[in-house]
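Trainee: Take this sequence and fold it.
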Amino acid sequence: MKPNKIFNLIAFILILCYSCRKNELELNKGHAPLEVTVSDESIVLDKNNPQSTALSVDWTTGSNQGTNAAIEYTLQIDRKGNNFSDGISLDMGRNSYQKTYKNEELNDLLMSEFGVAANTEIILECRVIAKVAAEVPDEVSPVQTISITTHLPITKTLYLLGDATPKGWDANNATEMTAVTNTPKAFSWTGRLNAGKFKFITTLGEFAPSYNKGQSNSSLYYRSSFDDPYDEQFEITEGGNYKIAVNLITMAIAIERTAGPEYERLWFVGDPTGWTFKEMTVNPLDPFKFHYNDTLSAGGEIKIGTVQGDFDAVFFRPTVNNTAEGSNLDVDKWAGNPDFKWNITGGTYKITLDIREMKIDILPFTPYSAVYMVGDATSIGWDVANAIPMQVNSGNPNEFTWTGTLKPGELKFSMDKQSDWNGAWFTASQANMAPSGTPQQMIYSERGSGLDYKWRIAENGTYSITLDQLKETVTITKQ
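Mentor: Purely as a prediction, here's the structure:
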């Protein structure tokens, strides 16, 4: 063996030996006794500052009696006079000389581990035990006494409840709010509210405690139990999209009408459906647009509902009764009479309702005779002239299928293989969309006018693809 290799081997062995020993050896800790101190001997926990430090327990190194051996520390906390027979015992490891508790953390600990009620004082004792990694007796610090007063906890969860909310008055299924990052006890929610009332509950299935309307629409009131007769609620006078932000420390609330659509779900209903409510599809690029594409052979009267199954609710309607199919038709909405409806001839239609512009297109649909695949995930790449044809379903001219090999890359679908790329396309609803193996909404771009989003194939393999040009969905599944 060459000398330099021998030297390297010896150095490695020495380092290995040192590494095996360094966890057992420390510097001489001297002979000073082990002591423990606390940051404050009398503490009232502060619910308004849950993330601030309430208590710091510090201790000295103690002595390893000149052995150079490592020392492991255990922190014990128990009720005064209990002689540490119960309580908590924390393994703090080596080279650790402090344990801190935040206000909420310590409050939760006292209530869960020691059974202390809210707004109650408890006297605790704490001590530290030092165990030396050698034949040296354990060292136990003198006991330090602490008085701590708890507070009523502020909930970590919050839910919307009421007939203005998406889940109504079902406390078991109330709408959860989102905790705001870096703002203790703040929660927010954005979504559709109906005309009606609401309040907040802290626990699913429990109507109390609750946070109710305070002295104004910008303040909260904490109702601790049913014994409190005050049960005022916030009221929404007009349905629409709202953002709600609350802070349970300052007891403030902000209710803001947002620019989102008034309705997140709509239902197509009429003679072609046997007056059964059929949910429309929200345009993935514009939440103000709703689609219903189907074969409506029966024709007849149609309208668009805002509440599933409810004929007394608001409906979107034509401004003139019995308006026929067409494009850019005027729309209005109201409940009850006069019960205006569109009246269409039987056929296959693509229907688009724009509730921002209050316009509707009710357009007969003629399917394309062919659909083609193109993209660098395919064997032909971006050569649109040689795009790969899909197989039409003999029983359904709207459905096309294909099975074959794809590789990592992009993919979209052409309806006409137009060489200038300004033809008709089905594209993804977002950039680099990953196939899910389930039906995904496509975007129809006529004459190359839309956003050029594509699907992103991540792995080589055999894939099956099913495309429905009427429903405007595609399913891409890896075998």
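
Trainee: Would you map the strands across the stretch 351-479 of the chain?
Mentor: Remark: strands assigned in the stretch 351-479 of the chain by DSSP state E, counting those that start in this stretch are 359-364, 372-374, 388-389, 391-393, 396-406, 409-414, 425-427, 440-441, 443-445, 455-457, 461-468, 473-478.

Trainee: Can you name every helix or strand that the longest one contacts?
Mentor: Meaning strand 396-406. Packing partners of strand 396-406 (3 or more C-beta pairs under 8 Å, 6 or more residues apart in numbering; DSSP states H and E): strand 391-393, strand 461-468. Quick note: C-beta positions are derived from backbone N, CA and C, even for glycine.

Trainee: Could you do the fourth one as well?
Mentor: Identification of packing neighbours for strand 391-393 by 3+ C-beta pairs under 8 Å, 6+ apart yields strand 396-406.

Trainee: Each with direction, which strands does the strand it packs on pair with?
Mentor: Strand pairing for strand 396-406, determined by DSSP bridges: strand 391-393 (antiparallel), strand 461-468 (antiparallel).

Trainee: Next, the angle strand 473-478 makes with the last one.
Mentor: Inter-element angle recorded for strand 461-468 and strand 473-478: 170 degrees (by axes from the mean of the first three to the mean of the last three C-alpha atoms, to 10 degrees).

Trainee: got the buried residues for strand 461-468?
Mentor: When neighbours are counted by 16 or more other C-beta atoms under 10 Å, the buried residues of strand 461-468 are found to be 463, 465-468.

Trainee: what about that strand, distance to the chain center?
Mentor: Strand 461-468 has its C-alpha centroid displaced from the chain centroid by 30 Å (C-alpha atoms, centre = their mean, to the nearest Å).

Trainee: try stretch 202-212
Mentor: A distance of 22 Å separates the C-alpha centroid of stretch 202-212 from that of its chain, computed with C-alpha atoms, centre = their mean.

Trainee: Nearest to residue 287 among the helices and strands packed on strand 396-406 would be which one?
Mentor: Shortest separation from residue 287 across the helices and strands packed on strand 396-406 is recorded for strand 461-468, at 22.2 Å, computed as C-beta to C-beta.

Trainee: quick one on the thing from earlier: for the strands of the stretch 351-479 of the chain, which one sits closest to residue 99?
Mentor: Across the strands of the stretch 351-479 of the chain, residue 99 has its closest neighbour in strand 455-457 (48.7 Å, C-beta to C-beta).

Trainee: Quick one: mean pLDDT for stretch 70-87?
Mentor: Confidence over stretch 70-87 (mean pLDDT, whole number) is 95.

Trainee: Only alpha carbons, please: show that stretch as CSV.
Mentor: These are the backbone C-alpha positions of stretch 70-87, laid out as CSV (Å, rounded to 0.1, in the frame of the first residue of the first chain):
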residue,chain,number,x,y,z
ALA,A,70,-21.2,14.3,29.1
ILE,A,71,-24.2,15.4,31.2
GLU,A,72,-27.8,14.8,30.3
TYR,A,73,-30.5,17.0,31.8
THR,A,74,-34.1,16.2,32.8
LEU,A,75,-36.5,19.0,33.7
GLN,A,76,-39.3,18.1,36.1
ILE,A,77,-42.4,20.2,36.9
ASP,A,78,-45.2,19.3,39.3
ARG,A,79,-47.7,20.8,41.7
LYS,A,80,-46.2,22.2,44.9
GLY,A,81,-46.0,19.6,47.6
ASN,A,82,-46.4,16.6,45.3
ASN,A,83,-42.8,15.7,45.5
PHE,A,84,-42.5,15.3,41.7
SER,A,85,-44.5,12.0,41.9
ASP,A,86,-46.7,13.1,39.0
GLY,A,87,-46.4,16.2,36.8
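
Trainee: Residues in a beta bridge with the residue nearest the centre of the chain, which ones?
Mentor: For the chain, the residue nearest the mean C-alpha position is residue 178 (8.0 Å; C-alpha atoms, centre = their mean). Taking DSSP bridges, one finds residue 188 as the beta-bridge partners of residue 178.

Trainee: separation between it and residue 244?
Mentor: Distance of residue 178 to residue 244, given as C-beta to C-beta, to the nearest Å: 10 Å.

Trainee: quick one on the thing from earlier: which of the buried residues of strand 461-468 sits closest to residue 308?
Mentor: For those, the nearest to residue 308 is residue 468 (23.7 Å; C-beta to C-beta).

Trainee: Kindly state the beta-bridge partners for that closest one.
Mentor: In this structure, residue 468 bridges to residue 399, residue 473 when assessed by DSSP bridges.

Trainee: how about the strands paired with strand 396-406 in JSON lines, adding distance to residue 172 and mean pLDDT?
Mentor: Written out in JSON lines, the entries for the strands paired with strand 396-406 read as follows (distance: least, C-beta to C-beta, whole Å; pLDDT from 0 to 100):
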{"stretch": "strand 391-393", "distance to residue 172": "44", "mean pLDDT": "96"}
{"stretch": "strand 461-468", "distance to residue 172": "37", "mean pLDDT": "98"}
